[in-house]
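> sequence and predicted structure, then a few things I'm wondering about:
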Amino acid sequence: MHKGSCLCGDVTFTVNAAPEGPSVCHCGQCRNQSGHLWASAYAPEHDIAITGRVTWYEASTTAKRGFCPRCGSFLFWKAHGEDTMSFALGALDEPTGVRLEKHIFVADKGDYYDIADGLPQKE
């Protein structure tokens, strides 16, 4: 079980399943919303219990993004029609025991940094 929260503590969540696919997303939407990049993992939606009010932003026709309406913490990403939901690794209480597996959407990464950790990179 993993617990996490937003910056102000108004939104808390518990993940009652093993996190899957821990990755860093370099897409333009994640960079715009987070100010850099977004590290997340996913679990079945029914295994993620959220307490507090989350505001959902329909970022595209394929997914929505959940954040705390008070402090603005970007906590969740949910693809329409899927039964899993991604959650922010940075919002988890430590120790997490989670290790990154890959970088995704690297074709969209910013020009101001390099990816040099040796993890697989997906366009």
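Perfect, thanks for sending it. Numbering: from 1, shown residues only.
> buried sites along the lowest-mean-pLDDT helix or strand in the chain?
Among the helices and strands of the chain, helix 28-34 carries the lowest confidence by mean pLDDT, DSSP states H and E, at a mean of 94. Residues of helix 28-34 classed as buried by neighbour count (16 or more other C-beta atoms under 10 Å): Q29, C30, R31, Q33, S34. Placement of C-beta: from N, CA and C, glycine included.
> so what secondary structure elements neighbour it?
Under the contact criterion of 3 or more C-beta pairs under 8 Å, 6 or more residues apart in numbering; DSSP states H and E, helix 28-34 touches strand 63-67.
> quickly run through the sheet partners of the strand it packs on, with directions.
Strand 63-67 pairs in its sheet with strand 55-57 (antiparallel), strand 74-79 (antiparallel), by DSSP bridges.
> residues contacting the last one, please?
By C-beta atoms under 8 Å, 6 or more residues apart in numbering, the surrounding residues in contact with strand 74-79 are 4, 6, 11, 13, 33-34, 38, 40, 45, 48, 50, 54, 56, 62-68, 85-88, 91.
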